[in-house]
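> Sequence first, predicted coordinates after that:
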Amino acid sequence: MKGIIAVDMKNIVILISGGGSNMAAIVRAAQREHWDQRYSARVSAVISNRPDAGGLAFAREQGIAAQVVDHKPFANREEFDAALAAAIDRHEPALVVLAGFMRILTPGFVARYQGRLLNIHPSLLPAFPGLHTHQRALDAGCRFAGATVHQVTAELDFGPILEQAVVPVVPGDTAQSLAARVLTQEHLIYPRAIATLLR
Ligand code: GRF
């Protein structure tokens, strides 16, 4: 039986691939700030492309629908993205939030959700799109690093910027120590960016 979709409630679907610390920060902000009452919004589902994603257990503990759409059985990106979109659309999302979701999405998927599709990237975009952002910032001798919440468009890591946070690079920093400092800020700016959109 199709799940009962709350009337007039804005559903947020969060996509993860791993630990889901950004997803958890969003869920906790929604609880703490009563997004259901303040914005008629709720995190209605967490979907992962990896069955072993640690964030699934957290979602289930919070009473949030947690689902796996494993990318491995699919012959190509288009078929996976179609299956993922079918799982997402069952929740009639007002927002689709990529949070540590480590998949390159097809243009068709992006076009389906553009305007309500967000991502967080661990650099001060447009600097350092792509992977290994912290090591690249250190290698470049950056004095500052940070994170960016942006709307997802067809061009990877390049859509309209919604929020950014800056952290200092300190002597002796490694990619790991810098990543940890940035991640702390990610957990602040992602919920703030979403709440601003929900207002
Ligand atoms: C974070 O650095 C985030 O910026 C990137 O994925 C990493 C892990 O995120 N998108 P999470 O802990 O799985 O939310």
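Ah, there it is.
> can you list the residues of this structure near the ligand?
16, 18-23, 99-100, 120, 122, 147, 183, 186 (CB under 6 Å from any ligand atom). From N, CA and C alone the C-beta is placed, and that goes for glycine too.
> And the helices in the chain, which stretches?
Remark: helices assigned in the chain by DSSP state H are 21-32, 35-38, 55-61, 77-89, 107-113, 133-139, 175-198.
> okay, now the residue in the chain positioned nearest to the ligand: neighbour count?
Nearest to the ligand, among the residues of the chain, is G100, at 2.4 Å (CB to the nearest ligand atom). When counting by other CB atoms under 10 Å, one arrives at 22 neighbours for G100.
> can you list the weak-confidence ranges in this structure?
1-7 (pLDDT under 70).
> For the residue lying farthest from the centre of the chain, give its distance to A25.
Note on the chain: the largest C-alpha distance from the chain mean falls to P171, namely 29.9 Å (CA atoms, centre = their mean). Using CB to CB, to the nearest Å, P171 is found at 29 Å from A25.
> V166 now?
V166 sits 18 Å away from A25, going by CB to CB.
> These two: who's more crowded?
Each of V166 and A25 has its neighbours counted (other CB under 10 Å); A25 has more, 19 against 11.
> Leaving out the residues flanking it, which one is nearest to A179?
Once flanking residues are discounted, A179 sits nearest to H134: 4.9 Å by CB to CB, 6 or more residues apart in numbering.
> Can you report how many residues neighbour the one you found?
23.
> Kindly report the same for the one 4 residues further on.
Neighbour count of L138, defined by other CB under 10 Å: 16.
> need the contact list for it.
Contacts for L138 were tallied using CB atoms under 8 Å, 6 or more residues apart in numbering; they are 169, 173-175, 178.
> Compare those and tell me which is most surrounded.
L178 (23 neighbours).
> That one contacts R143, correct?
No. Here L178 does not reach R143: they are 11.8 Å apart, not a contact under CB atoms under 8 Å.
> okay, and the common contacts of those two?
Joint contacts of L178 and R143 (CB under 8 Å, 6+ apart) are V169.
> H150 pairs with what?
In this entry, H150 is beta-bridged to N119, I161, by DSSP bridges.
> going forward, begin numbering at 679 instead of 1
Done: numbering now begins at 679, and the last item shifts to H828.
> OK, contacts around it?
Contacts of H828 by CB under 8 Å, 6+ apart are 796-799, 803, 835-840.
> can you do 7 Å?
Contacts for H828 (CB atoms under 7 Å, 6 or more residues apart in numbering) come out as 797, 799, 803, 837-840.
> Could you turn the buried ones of those residues into a ChimeraX selection?
This is the ChimeraX syntax for the buried subset of the contacts of H828, where burial follows 16 or more other CB atoms under 10 Å:
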select :797,799,803,837,840
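> Out of the contacts of H828, which two are the most distant from each other?
H799 and P838 (12.8 Å; CB to CB).
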